[in-house]
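# next one to model:
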Amino acid sequence: MGKFILCLFVFMFAALKADAQLFTAEELEVLKLQDERTAGPGNELQTYLNSFNNAVVIRTLIAMGNIGDTKFVIPITEKLLSANNPEIRTAAAFALGLIPCDDSRNGLLEAMKSETEQEVLAQVVKSLGSIGNEDDLAALCGIYPLTGKVSSAFAYSIARFARRNIKNNASVEKIKSLLKTNDAETIRMCAHAFLYTRNRDLLLGAKDELLKLTKSSDADTRSRAFTSFGNTADKTDVNYLMNSYDKEDVWQVKLSIINSFAAIFRNDNSLSSNRELAYFLIDKGEGEDAYLSTAALSGLAYIFGGTTDAALKEEMKPRLQWFLIKGKAVDLASIGEAVKTIGAIYKDEARNELLSLYAQTEGYYLKPYIIQACGYFNDAGVYKDLRKLITADVQNYVNEKKITEGDMIAGKELIPIYRAFVETLDALKGRADNADKETMRLIFIEFAGSKDPSIVDVCINALNQPMYESKKGELKISLGIDYQSLEYPKDKETMKLFIREFAALNAENAVPLLEGNLAIDDYEICRESADALMSITKKAYTFNAKRKSFFDADKLNELYKKQTAVIHTSRGDIALKLFPYNSPLTVLNFVTLAEKGFFNNTRFHRVVPGFVIQGGDPLNNGWGGPEYSIRSEFIPMSFERGVLGMASEGKDTEGSQFFIMHAPFYHLDNLYTIFGEVTSGMDAVDKIYTDDFVKSVDILTQ
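Alright, predicted model coming up:
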């Protein structure tokens, strides 16, 4: 850990006062303006660029970048081109990368020609990758020679361009030339640049280089190289990949190898007859590591879901049915993935087996997987059987809990089942006859009133499909009625979904409801409603609600005592180093919630193996939070393995959900807040799967 922290922040901690205050009075004023997203009534923020304290100037530049107002571009550019201190120039370059406009680009291009300090030039190049255009990429690719930090930054920048779909043969050739530097960090970053290129035609010219990178001594380089190699490989490379998997001892690399088979299949569907690969994936699906097991089974479903080799299907059947034997010492997630794989490969042939499995299954964990498996069937009428089974399940639940009245969804344990059901309807509706399509539409409308945002979201998206275009008028009316049963703040996230849909539908009937929202003391609801009203009526609306501010100078300065946290999970403890100086408002929010017990007994609701684990949601479905949002705090750090970040719906929408990286993913840089890193317990991070939980979070005082 730690290699992602740029030098400009390293010196800052040395500036702490003897009384252990984290921030000077000037820095606190800058932070307050940053939190308010304003320069101040008298443009006070800009005056801090003239401070004699370099830390204040740097913080001001970062604040300006976070605010993102183009009026700051000229003073930031002046600092970039004229400041004597290289840390200040580096901060200025970073800030320009947060404000996409032609003036920012031009400032960075000018600095790229004149800057001689490697650290500064590296940041200039990185920022250009975030906001530059095709011409800027061409300018970047035309610069030679490159060494050290700058060569690594060039590869990083090309990756950022590619992520924004700005890529060409010249950029691939540039990556290949950067590999010749033999600088370990540059080579590692080149592997990432190939990864983000994601274009078979472009990558075919680099197949030899990718093959060499798959043999690198650096695991991260190998992992990215195998993923990219899959985009250039064909069926003749399958044996090499399988052999590489068996020799590999790093799970992230193994995962990349498994995922590479799907990339090959996308270019050559004859892979669905490869028996050796089928058995390889089944073998790995039976393994003990849930990440690798589920990935292998998912790959098996994807590649062999459409196979026409009847003999191969018959041979695989007992191996997959093995997962369904009661009492098998296999992770539940792997069993669930095997169930979905059976549905994908055998489709209607597995109907009786899967419906019988649902009826015999106790508890609720496995049932959503069974429902989702039916989404692969050709006969869309299977939804009727599922509906009967789910109705019986719900009735039993109501009887056992002695529930006599309440919301549509009787208990939170049923939410995953309902969500899987509407997801399966969505998958089946294109194969349904007209009568069933209409019944499905009515079910979507019914569940759009469920109040659960994870279910409402699926239903609204389904109802927006072209097949239901003629029914939009009825949808406007039904959503308008359902909206009136929502309660603020309990149903805030669902309210936001409805408000956005009213705008999309141009729902005139919702205007009084939206106007009523403008009296709510919630900035987000008011902002969403005003935007929807503008879309519907073409009139601008005002409201009085202000963004909540949690700025507290005393509490912020006290954070020097609270830089260590421990997340106690069902898989073990995860120790964290927090970054209160770099991301103070985010750390204050996390510490405050932890000390209140907010995270206790919450689930890791989202796990993407090889990418992130995500938790901190009191609803445990990805839609919950603390009923307020905080500001994003973008800083010059990168999302490396073990980094702690904040989840969001976009800039300035963070709440309580956090994530920890399994591996580096630099496309998240400058889009999500970094506020800490794991110092011990990555073994626990690597074991956590969906529905593992946080027991509690301790903030250690020092």
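# going forward, measure contacts and count neighbours with C-alpha atoms only.
Noted.
# in the protein, where's the longest helix?
helix 382-401 (DSSP state H).
# count of residues packed around Gly473?
As a burial measure, Gly473 scores 11 neighbours (other Cα atoms under 10 Å).
# could you check how far the strand or helix carrying it is from the centre of its chain?
Taking DSSP states H and E as the definition, Gly473 sits inside helix 472-483. Computed by Cα atoms, centre = their mean, to the nearest Å, the chain-centroid distance of helix 472-483 equals 31 Å.
# what do you get for stretch 160-175?
Centroid displacement of stretch 160-175 relative to its chain, using Cα atoms, centre = their mean, is 23 Å.
# hmm, who's touching it?
Contacts to stretch 160-175, defined as Cα atoms under 8 Å, 6 or more residues apart in numbering, come from residues 126, 129-130, 132-134, 137-138, 141, 155, 158, 190, 193-194, 196-197, 202-203, 206, 666-667.
# for PyMOL, write a command that selects the buried ones of those residues.
To isolate the buried ones among the contacts of stretch 160-175 in PyMOL, judged by 16 or more other Cα atoms under 10 Å, type:
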select buried, resi 126+129+130+132+133+137+141+155+158+190+193+194+196+197+202+203+206+666+667
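# out of the contacts of stretch 160-175, which are inside helices?
Among these, DSSP H puts 126, 129-130, 134, 137-138, 141, 155, 158, 190, 193-194, 196-197, 202-203 in helices.
# tell me who's in contact with Gly65.
Applying Cα under 8 Å, 6+ apart to Gly65 gives the contacts Phe94, Ala95, Leu96, Gly97, Leu98, Ile99.
# these two touch, right, the fifth one and Asp669?
No. Taking Cα atoms under 8 Å as the contact criterion, Leu98 and Asp669 are not neighbours in contact, 10.5 Å apart.
# who has more neighbours out of the two?
Each of Leu98 and Asp669 has its neighbours counted (other Cα under 10 Å); Leu98 has more, 24 against 18.
# which secondary structure element is home to the closest residue to that one other than its chain neighbours?
Of all residues beyond its chain neighbours, the one nearest Leu98 is Gly65 (5.2 Å), with distances taken as Cα to Cα, 6 or more residues apart in numbering. Using DSSP H and E, the element containing Gly65 is helix 54-67.
# repeat that for Leu576.
Counting by DSSP H and E, the element that carries Leu576 is strand 572-578.
# ok, Ile699 next?
strand 693-700.
# one step back: ok now the helix holding Gly65, how far from the chain's centre?
Computed by Cα atoms, centre = their mean, the separation of helix 54-67 from the middle of its chain amounts to 27 Å.
# now it: buried residues?
Of all the residues in helix 54-67, those buried under the rule 16+ other Cα under 10 Å are 54-67.
# quick one: residues contacting Leu354.
Counting by Cα under 8 Å, 6+ apart, Leu354 makes contact with Val339, Ile370, Cys374.
# can you do 7 Å?
Ile370 (Cα atoms under 7 Å, 6 or more residues apart in numbering).
# ok, it to Leu271 distance?
27 Å (Cα to Cα, to the nearest Å).
# likewise for Tyr358?
Distance of Tyr358 to Leu271, computed by Cα to Cα: 32 Å.
# give me the contacts around the helix holding Gly473.
The contact list for helix 472-483, computed with Cα under 7 Å, 6+ apart, reads Gly449, Leu505, Ala507, Ala510.
# looking at the residues you listed, which is nearest Phe599?
Phe599 has its nearest neighbour among the contacts of helix 472-483 in Gly449, at 28.2 Å by Cα to Cα.
# neighbours of the residue lying closest to the closest one once chain neighbours are set aside, just the number please.
Spatial nearest neighbour of Gly449, chain neighbours left out: Asp482 (5.4 Å); criterion: Cα to Cα, 6+ apart. Residues within reach of Asp482, counting by other Cα under 10 Å, total 16.
# how close does Asp482 sit to Lys476?
Distance of Asp482 to Lys476, given as Cα to Cα: 10 Å.
# circling back to that earlier point, find me the pLDDT at the residue nearest to Leu98, would you?
For Gly65, the model assigns a pLDDT of 98.
# what's the answer for Asn182, then?
The per-residue pLDDT reported for Asn182 equals 87.
# how about low-confidence regions in the chain?
1-20, 329 (pLDDT under 70).
# how about a cut-off of 80?
Applying pLDDT under 80 to the chain picks out residues 1-20, 145, 148, 327-329, 405-406.
# all strands for it, in order.
When assigned using DSSP state E, the strands of the chain occupy the ranges 564-569, 572-578, 602-603, 606-608, 612-615, 643-646, 658-661, 674-680, 693-700.
# I'd like those written out as TSV, with distance to Asn50 added.
Shown next, in TSV, are the strands of the chain (distance: least, Cα to Cα, whole Å):
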stretch	distance to Asn50
strand 564-569	34
strand 572-578	30
strand 602-603	46
strand 606-608	45
strand 612-615	41
strand 643-646	32
strand 658-661	36
strand 674-680	28
strand 693-700	37
